[in-house]
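1. Test case, fold it:
(one chain, ligands or ions: 2)
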Amino acid sequence: MISVEEALEKVLNYVEVLEPERKPILDCLGQVLAEDVYSTIDIPPLDNSAMDGYALRARDTLGASESSPRYLVVVGEVAAGSMPAQEVRPGTAIRIMTGAPLPGGADAVVRFEDTDEVNRKLSGGDLSHIGILCQVEKGADVRGRGEDIARGDLILKKSKVLRPQEIGVLASLGLSTALVIRRPIVAILATGDELIGVDQPLAPGKIHDSNNYTIAAEVSRYGGIPKILGIGRDSVQSLTKKIYEGLDADMLTTSGGVSKGDYDIVKNVLAEHGEVGFWTVCMKPGKPLAFGVIRKTRGGKVKKVPHLGLPGNPVSSMVTFEQFARPAILKMMGKKILAKPVIRAIIDDGIVDTDERRLFARVSVTRRGGQYYASVTGPQGSGILTSMAKANGLAIIPEGGKGVKAGDMVEVQMLDWGEEQGDVEKLPVVSIVGKSQSGKTVLMEQLIAEFKRRGYKVAAIKHGRGGMKIDHPGKDSWRFAQAGSDAVLISSPDKLAFIKSVDHDLGIEEILPTVGPEFDLVLVEGFKKSKIPKIEVHRKGLGHDLLCSPEELSAIVTDESFDTDIPQLPWGDTVTVADFIEKNFVLKSQGSVSLAPMKEKG
Ligand code: AMP
Ligand code: MG
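-> Ligands and ions are numbered 1, 2, ... in the order given. Presented below is the predicted three-dimensional model:
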């Protein structure tokens, strides 16, 4: 039996990123850009007005106020889409609409509300003159040429997944087509003598085929093009014929015919016409899974079509599709993030599981009070497709047959979340590890101060092996805990402490969810065995070996050099270490952003 990870690695090794195609931008949604896109134009192409108002020279508004307006001669008007016919000279203004090019000579716009235009109209006056009621700075309400995009800039990078906003950006660049990795065609075949089509009446011993529909919808959801081959019968002949109809596709999935008691048909067909990888995967549902390639000769050339033989049970086929076919499709499409987002949730129900395999339990996840909860969606038989219909996640109950108790923390794969969302949920976290006397606490202190200086909200975690001092015997909080409270919170006007009893020394992965989502960066001291990114602090004189092996480390902060490829940062130079962390682990914020455009209309 192989692990889920091993099986996935094998599947991914079989599939390749497909070739690019050029097509209309509106057909590219969700596809991966296969070229760098540069701009050949400035956007906006000219300085233009951000408001409806008057274009003028800022200098002419000096000292203007409601009680002391500055009066200017209106020499013309310009609407969006046309060019100004006049220039603005000292003492004059041009009436201007949002998006209209700024006339020569003008360097600012005053919006209608800050002029006496309305009152002038109400009192029957003409607009040959205008009273300006406030003083404005140069550039006020002017959108500068190239402010959004400058000619020659790299606007969209190769590998970018195109969303509606990128499609809009392509349109604004004047591009009607884009080069994207093409979508894979996935041929889909259900097998079984018991299966009939959805439009046929049920007969004794028969059931409607649902897998073809579930799988085709899954293929579409992840960006592939489904090609349903229909229903194959439980004979080598029928299956072979159907499978050959699907060999123009980029991948073939079958469902059914892979379990032991069956005729092992899929296996036989694979063995005869391709290379067979037939495994039992350490997962439930979905133990039997066939994978291989089917050879096809065309024009003297041999083409190998990857084939994924999913189990027949509707839940099993969907769960195995999610684990193996979905990432394969995403890889073929050129996507980089293949994993479904995983969150940590408290499970509402205990799950008795004596099976050694990893269990994917169908759960419904809700968020209450900042914490995710998962409840099992009823009976979990692998034929009960409604357990999947009620679920929005798959709780991963680890191998080993221990099951979980109600209230335990579990990892849940969020079925309806996009793969990219996993990156958003991740709290940037870096651990500083090192031998004692290496200077890791000092570096922690300096990094915290440095990141605060850079405007980040920082959380720091310390592994207090020898217990903690805040919970002194005799204090009220201590007495509450003694009385049996599982958690005690102490709140004061400027601090909150949360003390929770735990039954084992928690791993950093278990601690992180309690940190809260409002932090930009979590700096951790210690936890050298964890899988989070680690930076080791090393000092000459502590022996020329490291605490962690280099492949586990993101960088070494050291005062002597090591013969390794991983980045080495100078010991004692906090700014360089902070730069490294910022560049590699934190999404750099823009610092302060001018809010001027907030005034803009819609
Ligand atoms: P198999 O893997 O072929 O032994 O099938 C296992 C179970 O899944 C059997 O109860 C089948 O009837 C059921 N099954 C197989 N294929 C489908 C399908 N396309 N739609 C619904 N149920 C199926
Ligand atoms: Mg069958």
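2. contacts and neighbour counts: CA atoms only from here.
-> Fine.
3. can you give me the helices in the stretch 401-550 of the chain?
-> Secondary structure of the stretch 401-550 of the chain (DSSP state H, counting those that start in this stretch): helices at 421-425, 440-453, 476-482, 508-511.
4. out of these, which comes closest to ligand 1?
-> Distance to ligand 1, taken as C-alpha to the nearest ligand atom, is lowest for helix 421-425 among the helices of the stretch 401-550 of the chain, at 31.1 Å.
5. Let me see the mean pLDDT of that closest one.
-> Per-residue confidence for helix 421-425 averages out to 69 on the pLDDT scale.
6. Ok, stretch 28-38 next?
-> The predicted confidence, averaged over stretch 28-38, sits at 97.
7. What residues of it count as buried?
-> By 16 or more other C-alpha atoms under 10 Å, the buried positions in stretch 28-38 come out as 28, 29, 30, 31, 32, 33, 34, 35, 37, 38.
8. now stretch 231-250
-> Along stretch 231-250, the positions that meet the burial threshold by neighbour count (16+ other C-alpha under 10 Å) are 231-236, 239-240, 242-243, 246-247, 249-250.
9. Convert that stretch to CSV, retaining C-alpha atoms only.
-> Presented in CSV, the C-alpha positions along stretch 231-250 are these (Å, rounded to 0.1, in the frame of the first residue of the first chain):
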residue,chain,number,x,y,z
ILE,A,231,-20.7,3.6,-20.3
GLY,A,232,-18.3,0.7,-20.8
ARG,A,233,-19.5,-2.8,-20.0
ASP,A,234,-17.6,-5.3,-17.8
SER,A,235,-15.8,-6.9,-20.6
VAL,A,236,-12.3,-6.4,-21.9
GLN,A,237,-13.6,-6.0,-25.4
SER,A,238,-16.1,-3.2,-24.5
LEU,A,239,-13.7,-1.4,-22.3
THR,A,240,-10.9,-1.5,-24.9
LYS,A,241,-13.2,-0.2,-27.5
LYS,A,242,-14.4,2.7,-25.3
ILE,A,243,-10.9,3.5,-24.1
TYR,A,244,-9.6,3.8,-27.6
GLU,A,245,-12.4,6.4,-28.3
GLY,A,246,-10.8,8.5,-25.6
LEU,A,247,-7.2,8.5,-26.7
ASP,A,248,-7.3,11.9,-28.4
ALA,A,249,-7.7,13.3,-25.0
ASP,A,250,-4.9,14.6,-22.8
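10. if you look at it, does any of it touch ligand 2?
-> No. Judged by C-alpha under 5 Å from the ion, stretch 231-250 stays clear of ligand 2, getting no closer than 6.8 Å.
11. what does that stretch rub up against?
-> Contacting residues not belonging to stretch 231-250 are listed as 184-193, 195-196, 227, 229, 252, 257, 263, 265-266, 268-269, 294, 296, 305-306 [C-alpha atoms under 8 Å, 6 or more residues apart in numbering].
12. Go ahead and measure how far it is from the middle of the chain.
-> Mean C-alpha position of stretch 231-250 versus that of the full chain (C-alpha atoms, centre = their mean, to the nearest Å) differs by 37 Å.
13. Is any residue of it near ligand 1?
-> No. No part of stretch 231-250 sits near ligand 1 under the criterion C-alpha under 6 Å from any ligand atom; the closest distance found is 7.7 Å.
14. just stretch 266-274 next, same as before
-> No. In terms of C-alpha under 6 Å from any ligand atom, no part of stretch 266-274 sits within range of ligand 1; the closest distance is 9.7 Å.
15. For the stretch 401-550 of the chain, what lies in contact range of ligand 2?
-> Contacts of the stretch 401-550 of the chain with ligand 2, taken as C-alpha under 5 Å from the ion, are absent.
16. what stretches of the stretch 401-550 of the chain score poorly on pLDDT?
-> Applying pLDDT under 70 to the predicted model, the residue ranges of the stretch 401-550 of the chain that meet it are 423-426, 517.
17. Then the stretch 51-200 of the chain?
-> Looking along the stretch 51-200 of the chain with the criterion set at pLDDT under 70, you get no residues whatsoever.
18. quick one: contacts for the residue in it positioned nearest to ligand 2?
-> In the stretch 51-200 of the chain, the residue found nearest to ligand 2 is residue 192; the distance is 4.1 Å by C-alpha to the ion. Residue 192 sits next to 231, 232, 233, 234, 256, 257 when contact means C-alpha under 8 Å, 6+ apart.
19. 6 Å instead, please
-> Residue 192 makes contact with 233, 234 under the criterion C-alpha atoms under 6 Å, 6 or more residues apart in numbering.
20. And it, how far from ligand 1?
-> Here the distance between residue 192 and ligand 1 works out to 6 Å (C-alpha to the nearest ligand atom, to the nearest Å).
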